[in-house]
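Undergrad: Quick one: sequence plus predicted model below, questions after.
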Amino acid sequence: MKKAKVHFMGISGSGFSGAAALAKAEGFEISGCDINLDRKESESNLGKIKLFTSHHPKHLRRADFLVISPAVNALDPQNSEVQEAKKRKIPILTWQEFIGKFLLNGKSVIATCGTHGKSTTCGMLGFVLEQAGLDPWVLLGAKVLNWGKNFRIGKSKYFVIEADEYNNNFLNYHPDIIVMTNIDWDHPDFFTDESQTYQSFTKFIQGARRPFALFVLPEEIGVKFFLSFLAGQDEMRKFLKLIKYPEIQKLSLQVPGEFNILNASLAYVVAKSLGIKDKIIRKALEDFKGVARRFELVGKIGKMQIFDDYAHHPQEIKATLAMAKDIFPKRKIWVCFQPHTFSRTKALFSEFVQALKNAPVDRIFLLDIFAARERDEGIISSQKLVETVGIPKVQYIGSLLETFGFLRNKKDKPDILINMGAGDIFKLSQMLLAKS
């Protein structure tokens, strides 16, 4: 049967672009548009397809489906393409809905979830299965450095996917294996409290195929609380018998940090459950180079090493900076941190204050909050965060350009510069390296 024609609106997004590439590999006819279109990147992933740098109803002229980001419904419901699709009764799906409906059918699905570490764990698993010759399909929200892409086109039944809890996106997936790294309250613009977060993860487990396996790290505090939450619900007690707890492995990883030993231990036990030999698993995990923006060394200027890191939650900041200090105990470390979303900064304000105040680094410079899907209502700001921290080593700078100028003009330089956050802080590294 001839596959449908699908238009991806917002095709330059990381998960979006990977979903489009996998859809094309499955035989769908793809077109795409993005106001901030990265044509070179898109064509590298997708080959020659119809790409547009604007939104327009004519893009749907031959489309059977319109695929969008979940944010469109909240922030741009009057979008011309969305309205055209409604007018012509063309089905509108988020890219997560599209994946769940069309790309996971007939596959053995391994889904990695959790507040922190799910991208790295997903990448590790995908790479192990590849090295074992299982030829998996893989999709995650960050580039696997071994591949230079955030997806892998496979030919087997295995599909390894990062399952994101935000907006209940992962409820579109019905996995055979669930890998849970940890659980913290995050995304306060969607989950009002920890209990809502647990309820979402519970629904995800309830939606798994039967039988299924759940791999977790019981040492993680959030996971402990979650398991207690499950045990308090009669209909979920039977699922607790399906949980598997991995032993912590001794591995010489290229990716640093104790938390990555935990991620690798999860990947190890899942791979073992699939019948992959110990020797193959260990070599693959030790050859794994990591995923982009997870303490990624992106360049050097003289003796200064520049790292990009995606940490945007207080627990991630603590873990990453403690790791940096362990790796470079006698080096001068500076951090440029860009808080991500006003709602997260507000909801976790006291946790951010403590993480910044106790950070084992020499200087921390705060950029303005990256709004992402939100609007600034003037309630919270990076200045307020710095004022509350109240120590000289934590300083507010301002915009990306102001921070670039500040660092360029600073005669004193660090040995290690970490540009941290989930927004566009990575551009700061690019700007500094381009002008070096």
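TA: Nice, I can see it.
Undergrad: where along the stretch 201-350 of the chain do the strands fall?
TA: Under the criterion DSSP state E, counting those that start in this stretch, strands of the stretch 201-350 of the chain are mapped to 213-216, 243-244, 296-301, 304-309, 333-337.
Undergrad: Can you say which of those is packed in most?
TA: Of those, the one with the most neighbours on average (mean count of other C-beta atoms under 10 Å) is strand 333-337, at a mean of 25. Using the backbone N, CA and C atoms, a C-beta is placed for each residue, glycine as well.
Undergrad: and that strand with strand 304-309, angle?
TA: Angle, strand 333-337 to strand 304-309, by axes from the mean of the first three to the mean of the last three C-alpha atoms, to 10 degrees: 40 degrees.
Undergrad: Which strands or helices does strand 333-337 pack on?
TA: helix 314-327, strand 363-367, strand 416-420 (3 or more C-beta pairs under 8 Å, 6 or more residues apart in numbering; DSSP states H and E).
Undergrad: what bits of the stretch 301-436 of the chain have low per-residue confidence?
TA: 436 (pLDDT under 70).
Undergrad: before we move on, back to that, can the helices and strands packed on strand 333-337 go into JSON lines with extra columns for mean neighbour count?
TA: Listed next are the helices and strands packed on strand 333-337 as JSON lines, based on neighbours: other C-beta atoms under 10 Å:
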{"stretch": "helix 314-327", "mean neighbour count": "19"}
{"stretch": "strand 363-367", "mean neighbour count": "23"}
{"stretch": "strand 416-420", "mean neighbour count": "25"}
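Undergrad: would TSV of these with distance to residue 433 be doable?
TA: TSV is the format used below for those (distance: least, C-beta to C-beta, whole Å):
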stretch	distance to residue 433
helix 314-327	19
strand 363-367	18
strand 416-420	11
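Undergrad: Nearest to residue 293, out of these?
TA: strand 416-420 (9.2 Å; C-beta to C-beta).
Undergrad: Contacts for the following helix or strand past that closest one, please.
TA: Next helix or strand after strand 416-420 toward the C-terminus (DSSP states H and E): helix 426-434. For helix 426-434, contacts defined as C-beta atoms under 8 Å, 6 or more residues apart in numbering pick out 293, 298-299, 301, 306, 308, 336, 400, 403-404, 407-408, 417, 419.
Undergrad: Export the strands of the stretch 201-350 of the chain to a markdown table and append columns for distance to residue 89.
TA: Output for these, formatted as a markdown table (distance: least, C-beta to C-beta, whole Å):
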| stretch | distance to residue 89 |
| --- | --- |
| strand 213-216 | 39 |
| strand 243-244 | 44 |
| strand 296-301 | 45 |
| strand 304-309 | 44 |
| strand 333-337 | 46 |
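Undergrad: can you tell which of those is closest to residue 57?
TA: Nearest of the strands of the stretch 201-350 of the chain (C-beta to C-beta): strand 304-309, 38.0 Å.
Undergrad: what lines up beside the closest one in the sheet?
TA: Applying DSSP bridges, strand 304-309 is found paired with strand 296-301 (antiparallel), strand 416-420 (parallel).
Undergrad: could those strands go into CSV alongside distance to residue 186?
TA: Formatted as CSV, the strands paired with strand 304-309 follow (distance: least, C-beta to C-beta, whole Å):
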stretch, distance to residue 186
strand 296-301, 22
strand 416-420, 16
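Undergrad: who wins for proximity to residue 340 among the ones you listed?
TA: strand 416-420 (9.9 Å).
Undergrad: Can I get the closest one in PDB, CA atoms only?
TA: Provided in PDB are the C-alpha atoms of strand 416-420 (Å, rounded to 0.1, in the frame of the first residue of the first chain):
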ATOM      1  CA  ILE A 416      37.400  25.400  32.200                       C
ATOM      2  CA  LEU A 417      34.300  27.200  30.800                       C
ATOM      3  CA  ILE A 418      31.000  25.400  31.100                       C
ATOM      4  CA  ASN A 419      28.100  26.800  29.100                       C
ATOM      5  CA  MET A 420      25.000  25.300  30.800                       C
END
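Undergrad: which residues touch it?
TA: With contact meaning C-beta under 8 Å, 6+ apart, strand 416-420 is reached by 295, 304-312, 317, 320-321, 324, 328, 331-338, 361, 407, 425-426, 428-429, 432.
Undergrad: Show me how far that strand is from its chain's centre.
TA: 19 Å (C-alpha atoms, centre = their mean, to the nearest Å).
Undergrad: Hey, what's the angle from it to helix 426-434? Just curious.
TA: Going by the same axes, to 10 degrees, strand 416-420 makes 150 degrees with helix 426-434.
Undergrad: most residues in a single helix of this protein, which one?
TA: helix 258-273 (DSSP state H).
Undergrad: Output the contacting helices and strands for that helix.
TA: Using 3+ C-beta pairs under 8 Å, 6+ apart: helix 258-273 touches helix 118-131, strand 177-180, strand 213-216, helix 278-287, helix 314-327.
Undergrad: can you do 6 Å?
TA: helix 118-131, helix 278-287 (3 or more C-beta pairs under 6 Å, 6 or more residues apart in numbering; DSSP states H and E).
Undergrad: can I get those in a markdown table with distance to residue 357 and mean pLDDT?
TA: A markdown table is the format used below for the helices and strands packed on helix 258-273 (distance: least, C-beta to C-beta, whole Å; pLDDT from 0 to 100):
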| stretch | distance to residue 357 | mean pLDDT |
| --- | --- | --- |
| helix 118-131 | 27 | 98 |
| helix 278-287 | 35 | 98 |
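Undergrad: Residue 114 and residue 215: what is the separation?
TA: 11 Å (C-beta to C-beta, to the nearest Å).
Undergrad: Please enumerate the shared neighbours of the two.
TA: By C-beta atoms under 6 Å, 6 or more residues apart in numbering, residue 114 and residue 215 have no common neighbours.
Undergrad: what is the rounded mean pLDDT of the longest helix of the chain?
TA: Throughout helix 258-273, pLDDT has a mean value of 95.
Undergrad: buried stuff in that helix?
TA: 259-271 (16 or more other C-beta atoms under 10 Å).
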